[in-house]
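J.: Sequence and computational prediction follow.
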Amino acid sequence: MTAPSLHGRDSVTRIMAWVLGALVPGIAVYVWLFGPGILVTLALATVTAVAAEAAMLKMRGYPVRPFLSDLSAVVTAWLLALSLPALAPWWLIVTGTLFAIVVAKHLYGGLGQNIFNPAMVGYAVLIISFPVQMTHWPGPLELTQTALTLGQSAAIIFGGDVPRATLDAVTMATPLDTLRTGLLQQHTVDEIVRAPIFGHVGGTGFEWLAFAFWLGGLILWARRIIGWHVPMAFLLGVLLTAGCLHFYDTDRYGSALFHFFAPSVALAAFFIATDPVSGATTPRGKLVFGFGAGMLTIVIRTWGGFPDGVAFAILLMNICAPLIDQYTQPRVYGEAGRRRNT
Amino acid sequence: MLSAIGVMVALALVIGLALGWSAIRFRVEGNPLAEKIDAILPQTQCGQCGFPGCKPYAEAIAKGEADINQCPPGGEDGVKKLAELLGVEPKPLDESHGAPKPRSVALIDEQTCIGCTLCIQACPVDAIVGAAKQMHTIVADECTGCELCLPPCPVDCIAMVPVAEDLPHWKWKHPVIPLKRVA
Amino acid sequence: MSRELFRFKGGVHPPDHKAESSGRPIHAAPLPRQLTIPLRQHIGNPAKPVVKVGDHVRKGQLIGEADGTISAAVHASSSGTVTAIEPRTLPHASGLPDLCIVIDTDGRDEWVARAPLDYRNLPPAELRMTLRDMGLAGLGGAVFPSAVKLDPGAQGACPTLIVNGGECEPWITCDDVLMRYRADDILRGVTVMRDLLGSTEILVGIEDNKPEAIAAMRAAAAKLDYAVEVVPVPAVYPGGGAKQMIETLTGKQVPTGRLSTDIGIQVFNVGTAYALARAVFHGEPMVSRLVTVTGHVLRPQNFEVLIGTPMRALIELAGDRDGVTGVLMGGPMMGVPMPLAAPAAERAPRAEDADVPVVKATNCILVQSRELFPPPPPVLPCIRCTRCADACPAELQPQDLYRFIKAGDFGRAQEYHLFDCIECGCCSYVCPSHIPLVDYYRYGKSEIWAREREKRAADLARERHEFRQFRLEREKQEKAEKLAAKAAAKRAELAAEAAAGTPPPAAADGDADAKKALIAAALARAQAKKTQAAPKNTDDLSLGQQREIEAIEARRAKIRELARKPLASEEDA
């Protein structure tokens, strides 16, 4: 290397460590509200991801240690784990994580080369292949009144002999599912949100989870780990699209605030859509990317066949990212007016 | 049924006429492909490809009579560019036409030169100055390093000197990063 | 008095390390035994030597004259004898040698006759030529011949003159101490610049981490009979870059591919202003400059150094230490590593390895050690985090440029404004993957230049080949016509001779044979000359013969030189 001979202290490891750290409040609230099952999921996903990453690096002839210590595999694992139902069976978690690391990341050329967000690819594969298993969401403890211990959660996840009744007692439809099913049954939004699963602005418990993710996201922003463009545009996309629909027909479309305070939206806005590798890179491009993803999230939630649209919205915008970059090249120093668009 | 056939026939006629007319109207003189190929070739005019100069080789490639890997001065890079232009797979250089060498220029040893003018006649770019029975000199800036002046020289007074890197022509090298271990 | 400042986009805040060297006053470095003065010290054409080996020169004597408008002359930095004019290793990243004039100093340090220039009564064009011949070049880093920049151009005046005391690079303090101790002289130079450019607004931009320099310059400015505004600017690297300084002070950006004079602004480094003052008021050509010697040395400080002094002498003067890992010319952000004489693998580098001379561009000699400059962490793949884009003062997208250059797509890199890159190093500095981005851009730029050169050479060859084809065709035609005419004449003659009854000679074959015979004879002569010439005339020659041979050799060498010399136009590019 010739120049410069001086380097800042920033590193990929530091960035990824901050992202993991910012997820901790969310995980803590998760455990507090929904029981410790998520910890088992997180651990399993982490172990799988690190093992898969190491194996892939070895096979591709890269030095394992410096690449593994960048923690990017752990971030992928955590984001995927947080997107999965907390009591999903172990094979589901392993399959999703393996797919994310092996196919979505390394078969595309490893860190920095993947055009799709690996965690979201893992999620999309799972929800398409195993839609039933993907709906076993534990309900908030406040409502189910049944708290599972860590051991019981592990037993469920690893397919231990758990009475069906126990499982039924702890899982319940998520607020999004409730809304969707209710609407399909021709109920109005007003009727549906009277169900106990709905809390002050979002779902009972879920809203607190969303706040915890917001907190983590704001920490990342304050530490300059992520920029403001993508989260802001994403949230704006969600708010505007949901708001317009709600305004158009209050009975058939959920309120904007309900969508806005869903944990999946907070997680997506601050942690998933901000993945730099698969996103747009120009300032205006980031705005377009975030807004598009937010808008698509609501569109898929409203009209799509799956309970949540975040994963597909982000994957669709991943496809567009190079094109967005191409058309949003910023003006360079000393260049007059807007730049060419070829 | 009949009307459908009629419409198709009419359509075919109209489009065919339009095509035929435009083929005459927008006809391009010369062979633009050969020109494009010629632009890629290094213009050494050395004839190693088996053709008397770069232009004839370009024309032969354009007609499909010659392969794209017959130009050693162009090197692998040149083959790649030709393959890209013609939309074919790049292939390794055909070694029977010679191997790529570092760029050189010819230098006449003026002690030995007898002033026979044979090299002057051989030079494809008129880069040698001199007259009969006068010492000859090569204009280094115009020499393409084709080596065509070597064989006719009866006293072997011409040597090929590799072009040394000097300050104005120095290039920054591609950064070497030990990212992946070389197996 | 407060002035609205503008914040240019990007930039970084590396630790400045100025205190190490700025505390000590300026010391004159002692006269070295030998000076190595390169002829290529500035942008543009290298100077042409005008002295011979064996000549005695005095300090300030012209030894290399400027070649063309964009060029600057080179002078002897001290008195002594020219002992060699040959290629020597230059302080350049390439480590390639280039033509230098080597002077063995006689220790007397005798000046040539110098007289102040009566600059107010000289025509500006003549004054600029004189300054060019005094070797004046910008001391801020680019070493652009100053005389060219002192031309207000077609507009006739350049309203704003910015004196750049930014010195944003860490470690370097030579402009800082120059402003602290020689503020009056700097401003005398500024007065000349103002008169030549017809400027009405004079701004001195100094980063606010140099309060002593700001105070000294303000005190000196107060003594002038015209207004000079000393403006403290925020310390952000690369705030001392000319374009960045312009934007900070005026809010204007220099349009791409244009000069700052096009928007009525000219920028000079404080060191250049000082050198101009020395030239105009003392008649001294540029033979010395201030150099910061800092980093891994015992006594980091600033020296007044004669151009051509070996760097190792300065490092020894500042107290060399063990554990040197490298020597940079310039600061840690944009400085170039100096070619070290011994390969680092065999033994640890030492000060004596820095066997390159100080040139006009040498603002700092930064000695590196493992503690001060730890080797960069391993390079990881780009994660497109765009921290580089946020830091880029040229407002480029470094991550895209990196991708294009790595893929060999130089066309796209150019389209994405690769040539607007100022190589400041901010992108590499912030990169969390520690990618040497600047190295890629430098490689990309020189690769594009090389390809353009190659293309020009190919175009020239094509043109010449085509002309040759045309010429041969024409000659063939002319010959055919001539032959036809001759044949007609011959036939007429034959008819006449047939009437007389003599047989015709076999002419057609004989022609080629005769030529062959001629060549064979010449060959034999050459062979004979070769066998004769070599052993016979080399021993006991008379002095006259020796002279004659030398003269002939010199003539031959000159012809060879002429034939090999690249076209001037190509060197400009």
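T.: That came through fine. Residues are numbered from 1 along each chain as shown, chains lettered A, B, ... in the order given.
J.: Report the secondary structure state of the residue in the stretch 1-150 of chain C that chain B sits nearest to.
T.: Nearest residue of the stretch 1-150 of chain C to chain B: residue C:94, at 4.3 Å (C-beta to the nearest C-beta). All C-beta spots, glycine's among them, are computed from the backbone N, C-alpha and C. Per DSSP: H, G, I helix; E, B strand; the rest coil, the local secondary structure of residue C:94 is coil.
J.: Next one: it from chain A, what distance?
T.: Applying C-beta to the nearest C-beta, to the nearest Å, one obtains 11 Å for the distance of residue C:94 from chain A.
J.: Assess the claim that that residue and residue B:169 are in contact.
T.: No: counting by C-beta atoms under 8 Å, residue C:94 stays clear of residue B:169, with 10.0 Å between them.
J.: How about the residue of the stretch 1-150 of chain C closest to chain B: what's its closest non-neighbour residue?
T.: Of all residues beyond its chain neighbours, the one nearest residue C:94 is residue B:170 (4.3 Å), with distances taken as C-beta to C-beta, 6 or more residues apart in numbering or on different chains.
J.: give me every residue that touches the one you found.
T.: By C-beta atoms under 8 Å, 6 or more residues apart in numbering or on different chains, the residues touching residue B:170 are C:92, C:94, C:96, C:446.
J.: likewise residue C:457?
T.: The neighbourhood of residue C:457, defined by C-beta under 8 Å, 6+ apart, consists of B:43, B:144.
J.: Now do the SS call for it.
T.: Under three-state DSSP, residue C:457 falls in the helix class.
J.: any idea how far chain A is from it?
T.: Distance of residue C:457 to chain A, given as C-beta to the nearest C-beta: 28 Å.
J.: cool, and residue C:245?
T.: Residue C:245 sits 13 Å away from chain A when distances are taken as C-beta to the nearest C-beta.
J.: Now do the helix or strand residue B:6 falls within: everything it contacts.
T.: When elements are defined using DSSP states H and E, residue B:6 is found to belong to helix B:2-25. For helix B:2-25, contacts defined as C-beta under 8 Å, 6+ apart pick out no residues.
J.: so how many other residues sit close to residue 324?
T.: You didn't pick a chain, so chain A it is. One way to gauge burial is a neighbour count; for residue A:324, by other C-beta atoms under 10 Å in any protein chain shown, it gives 20.
J.: Oops, wrong one, chain C.
T.: 23.
J.: Verify the contact between it and residue C:367 for me.
T.: Yes: judged on C-beta under 8 Å, residue C:324 makes contact with residue C:367 at a distance of 5.7 Å.
J.: these two touch, right, residue B:152 and residue B:120?
T.: No: between residue B:152 and residue B:120 no contact is recorded; they are 9.5 Å apart, counting by C-beta under 8 Å.
J.: Name the nearest residue to the most centrally placed residue in chain B, sequence neighbours excluded.
T.: Using C-alpha atoms, centre = their mean, the residue of chain B that lies closest to the mean C-alpha position is residue B:41, 2.6 Å off. Nearest-residue entry for residue B:41: residue B:54, 4.2 Å, with adjacent residues in sequence omitted and distances by C-beta to C-beta, 6+ apart.
J.: which residues touch the one you found?
T.: Taking C-beta under 8 Å, 6+ apart as the test, what residue B:54 contacts is B:38, B:41, B:42, B:43, B:44, B:45, C:462, C:465.
J.: and of the residues you listed, the nearest to chain A?
T.: The shortest gap between chain A and any of those belongs to residue B:38, at 26.7 Å (C-beta to the nearest C-beta).
J.: contacts for stretch C:105-119?
T.: Residues external to stretch C:105-119 that are found in contact with it (C-beta under 8 Å, 6+ apart): C:31-35, C:58-61, C:78-81, C:127, C:130, C:192, C:195, C:279-284.
J.: Pull out the buried residues from these.
T.: Neighbour counting by 16 or more other C-beta atoms under 10 Å in any protein chain shown classes C:31-32, C:34-35, C:58-61, C:78-80, C:127, C:130, C:192, C:279-281, C:283-284 among those as buried.
J.: Among these, name the ones that also lie close to chain A.
T.: Taking C-beta under 8 Å from any C-beta of the partner chain as the test, chain A is in contact with none of the buried ones among the contacts of stretch C:105-119.
J.: Among the residues you listed, which are located in strands?
T.: When strands are assigned by DSSP state E, the members of the buried ones among the contacts of stretch C:105-119 inside them are C:34, C:35, C:80.
J.: Pull the contacting residues for the closest residue to residue A:235 other than its chain neighbours.
T.: If you skip the residues right next to it in sequence, residue A:235 has residue A:269 as its closest partner in space, 5.2 Å away by C-beta to C-beta, 6+ apart. If you count contacts by C-beta under 8 Å, 6+ apart, residue A:269 has them with A:217, A:230, A:231, A:234, A:235, A:238, A:290, A:294.
J.: Tell me the spacing between residue A:269 and chain B.
T.: In this structure, residue A:269 and chain B are separated by 33 Å, where distance is defined by C-beta to the nearest C-beta.
J.: what separates that residue from chain C, distance-wise?
T.: 17 Å.
J.: Now do the buried residues in the one helix or strand residue A:236 maps to.
T.: When elements are defined using DSSP H and E, residue A:236 is found to belong to helix A:229-248. Of the residues in helix A:229-248, those with enough neighbours to count as buried (16+ other C-beta under 10 Å) are A:229-239, A:241-243, A:245-246.
J.: which element follows that helix toward the C-terminus?
T.: Next along the chain after helix A:229-248, taking DSSP H and E as the criterion, comes helix A:256-260.
J.: and that next one, what does it pack onto?
T.: helix A:229-248 (3 or more C-beta pairs under 8 Å, 6 or more residues apart in numbering or on different chains; DSSP states H and E).
J.: Quick one: list the elements packing against the helix it packs on.
T.: Helices and strands touching helix A:229-248, by 3+ C-beta pairs under 8 Å, 6+ apart, are helix A:256-260, helix A:263-267, helix A:283-303.
J.: CA atoms only for the first one - export them in CSV, please.
T.: I take that to be helix A:256-260. What follows is the C-alpha trace of helix A:256-260 in CSV, where atoms were taken according to Å, rounded to 0.1, in the frame of the first residue of the first chain:
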residue,chain,number,x,y,z
ALA,A,256,-50.9,3.4,9.7
LEU,A,257,-49.8,3.5,13.2
PHE,A,258,-50.5,-0.1,13.7
HIS,A,259,-48.2,-1.0,10.8
PHE,A,260,-45.7,1.7,11.9
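J.: Show residues contacting that helix.
T.: Taking C-beta under 8 Å, 6+ apart as the criterion, the residues outside helix A:256-260 that touch it are A:175, A:179, A:193, A:198, A:201-202, A:235, A:238-239, A:242-243, A:246, A:265, A:298, A:301.
J.: cool, the second one as well?
T.: Helix A:263-267 has contacts (C-beta under 8 Å, 6+ apart) with A:26, A:79, A:82-83, A:176, A:202, A:206, A:209-211, A:213-214, A:217, A:234-235, A:238, A:259, A:294, A:297, A:308, A:310.
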